[in-house]
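J.: next one to model:
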Amino acid sequence: MAGRHETSNGNTSDSWKVFLAPALAMSALNPFLAATLKGNAQAQEGLRTIASRWQGFVASRLQEDIALMHRLTGCRSPNEILGAYADFWHKAGEDYGKEVTTLTKPMTGVTSKMVVGSQAAAGEVSVDEWHWQRAAA
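T.: This next block holds a predicted model:
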């Protein structure tokens, strides 16, 4: 009877190498990602600013959702309900449109900073031999 790592003819199976492929792929990208993040402190700060702004926007929209529920509880006719929803969705469309427009400029800046950092990191990584290639040799 064959063991866990042996084929029926007694030879060791290479099937375990399949599980190593994702690890090798991630380790191959690791120097690239590390250099990119190390050189992108400005991009990270920009992402923090964008995340903070988006969190504030979502909090204000949540307040609008709560206000809609309060308004709906006071509605006495289908027309009032329709009016409440129409007002809500009209304001939501305006708010989201303004927010996307507002966030486009900082997102563009962060993206360009990340591209510059990635290009620099790619140059650093290409000079060095991949550590997984050294380990495989």
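
J.: right, and the helix or strand after the strand or helix carrying residue 61?
T.: In the assignment (DSSP states H and E), residue 61 maps to helix 41-73. Next helix or strand after helix 41-73 toward the C-terminus (DSSP H and E): helix 78-127.

J.: show me what that next one is packed against.
T.: In terms of contacts (3 or more C-beta pairs under 8 Å, 6 or more residues apart in numbering; DSSP states H and E), helix 78-127 is packed against helix 17-38, helix 41-73. Quick note: C-beta positions are derived from backbone N, CA and C, even for glycine.

J.: those: lowest mean pLDDT?
T.: For the helices and strands packed on helix 78-127, mean pLDDT drops lowest on helix 17-38, to a mean of 56.

J.: and the angle from the helix holding residue 61 to helix 78-127?
T.: In terms of direction (axes from the mean of the first three to the mean of the last three C-alpha atoms, to 10 degrees), helix 41-73 departs from helix 78-127 by 170 degrees.

J.: for helix 41-73, packing partners?
T.: Packing partners of helix 41-73 (3+ C-beta pairs under 8 Å, 6+ apart): helix 78-127.

J.: contacts only, for residue 106.
T.: The contact partners of residue 106, taken as C-beta atoms under 8 Å, 6 or more residues apart in numbering, are 46, 49, 50, 53.

J.: now the buried members of these.
T.: Among the contacts of residue 106, those that count as buried by neighbour count (16 or more other C-beta atoms under 10 Å) are 46, 50.

J.: so of the contacts of residue 106, which two are at opposite extremes in space?
T.: Maximum pairwise distance among the contacts of residue 106 (C-beta to C-beta): 10.6 Å, between 46 and 53.

J.: now do residue 73 against residue 81, distance only.
T.: Distance of residue 73 to residue 81, computed by C-beta to C-beta, to the nearest Å: 10 Å.

J.: more neighbours: which of these two?
T.: Applying other C-beta atoms under 10 Å to residue 73 and residue 81 shows that residue 81 carries more neighbours, namely 13 against 8.
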